[in-house]
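Asker: Fold the following.
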Amino acid sequence: MPRPPRHAFTAALRRALPRPLDTGAESYLRLLDRRFAALARIANGGAGGAQAGMQPSDRARARRYLAARKADWHDGDENLVRGYLDRWERAARPSAAEPARALLDGASALAAIGAPPGALWFFLWEMESVLASLFPADKDERPC
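Answerer: Okay, here's the model as predicted:
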């Protein structure tokens, strides 16, 4: 499978991570790019499928990686992120495309404004919950 293009958010997160990047960070960044590519397909009316990075092992990898950073954001970071992500919830009948677009738009905006690392981490934490609602294949798993 060809590697998806690097998303601007992934590039911003890469810059925010301490050097040198370990294998866990590299693996997570590749997973993010796969997820952003799948979200773009969904936002355009397509299907996400298995390439969405939502297999149980992908979810476990993301949760492990983000759990170690849970204390790295504060209320200001949360408010900034929620301003982008809460928009789709106001739609009368949100389709899968609405939250996919909200994630993509929020990620692009946060990268464009040079959001602080805490906002990037909180966005990713919230993204896990949104993705779990979009891809509920694993009934035994709970959102973050």
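
Asker: list the contacts for P20?
Answerer: Contact criterion CB atoms under 8 Å, 6 or more residues apart in numbering gives no residues in contact with P20. For glycine as for every other residue, the C-beta is placed from the backbone atoms N, C-alpha and C.

Asker: all strands for the protein, in order.
Answerer: Here the chain has no strands by DSSP state E.

Asker: In this protein, which helix is the longest?
Answerer: helix 23-43 (DSSP state H).

Asker: give the contact list for the spatially closest residue to L31 that is not a sequence neighbour.
Answerer: Distance criterion CB to CB, 6 or more residues apart in numbering; nearest residue to L31, sequence neighbours excluded, is G53 at 4.9 Å. Contacts for G53 (CB under 8 Å, 6+ apart) come out as L31, L32, R34, R35, A38, A62.

Asker: do the same with R19
Answerer: Applying CB under 8 Å, 6+ apart, no residues qualify as near R19.

Asker: pLDDT at it, what is it?
Answerer: What the model reports for R19 is a pLDDT of 91.

Asker: Tell me the spacing between it and L66.
Answerer: 20 Å (CB to CB, to the nearest Å).

Asker: Which one of the contacts of G53 is nearest to R101?
Answerer: Within the contacts of G53, the smallest distance to R101 is 13.0 Å, found for A38 (CB to CB).

Asker: And for the closest one, the neighbour number?
Answerer: Number of residues near A38 (other CB atoms under 10 Å) recorded here: 24.

Asker: mind checking how far stretch 69-82 is from the chain centre?
Answerer: Chain-centre distance of stretch 69-82: 14 Å, with CA atoms, centre = their mean, to the nearest Å.

Asker: So what's the model's average confidence on it?
Answerer: 86.

Asker: what's the answer for stretch 57-64, then?
Answerer: Mean predicted lDDT for stretch 57-64 stands at 90.

Asker: Can you get me the centre-to-centre distance for that stretch and its chain?
Answerer: The chain centre lies 12 Å from the centre of stretch 57-64; the measure is CA atoms, centre = their mean.

Asker: Likewise for stretch 100-116?
Answerer: 10 Å.

Asker: buried stuff in that stretch?
Answerer: 100-104, 106-111, 115-116 (16 or more other CB atoms under 10 Å).
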